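> pasted the sequence and its predicted model underneath.
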Amino acid sequence: MTFLSYTDTRQHLRDALNTAVERVPVGISRRDSRVALVDVGLFQDLLTSCSQVQIPEAFAEDGGWSVLLPGTPIAAEGVDLDDAVEEFIIALREYAEDWSDHLKNAPNHADNWPLVQLVCLSTDEKLRAWIRGNDR
């Protein structure tokens, strides 16, 4: 993988982005840290297939619907499946915000970073498709 310096990246940002979009590995190094530039769509696909990101479960109960994500405190209810999915998206976004703010250092939440990346990088439409299983 090619790692560009911070200065080289600034000078050749367009080339670095084009390289990442073409699925060619490229990264940026700065002092002791290194990051990879990756196309968001490819990263989302990877995250949704990652064993660390559980698959949402939906089920009907008591005249309504529930959606939950096993192994996490994320769940929502609605009068119908569409309503439950919309509430679940809100719950996902709230969890991602809380994770970024203070949960990332909690031992029982630290491993949820792939989920948080998926939520933060996804539109509501993309999350809706993931929750309903339309992207598998």
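Right, received. Where do you want to start?

> CA atoms for contacts and neighbours, from now on please.
Fine.

> okay, now the domains of this structure?
2-38, 42-132 (automatic domain parsing).

> what mean pLDDT does the longest one get?
What that stands for is domain 42-132. Across domain 42-132, pLDDT averages out at 95.

> and the gap between the residue nearest the centre of the chain and I28?
Note on the chain: the residue nearest the mean C-alpha position is L118, at 0.6 Å, using C-alpha atoms, centre = their mean. Distance of L118 to I28, given as C-alpha to C-alpha, to the nearest Å: 21 Å.

> before we move on, what about P107?
Going from P107 to I28 by C-alpha to C-alpha gives 29 Å.

> the more surrounded of those two?
I28 (18 against 9; other C-alpha atoms under 10 Å).

> surely that one and S5 touch.
Yes: at 5.8 Å, I28 counts as touching S5 under the criterion of C-alpha atoms under 8 Å.

> what touches both of these two?
Overlap between the contact sets of I28 and S5, as judged by C-alpha atoms under 8 Å, 6 or more residues apart in numbering, is nil.

> which residues in this structure form strands?
Secondary structure of the chain, counting by DSSP state E: strands at 2-5, 26-30, 33-37, 57-61, 64-68, 75-78.

> any chance of those strands in a markdown table, plus distance to E94?
Below are those laid out as a markdown table (distance: least, C-alpha to C-alpha, whole Å):
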| stretch | distance to E94 |
| --- | --- |
| strand 2-5 | 34 |
| strand 26-30 | 30 |
| strand 33-37 | 26 |
| strand 57-61 | 18 |
| strand 64-68 | 14 |
| strand 75-78 | 11 |
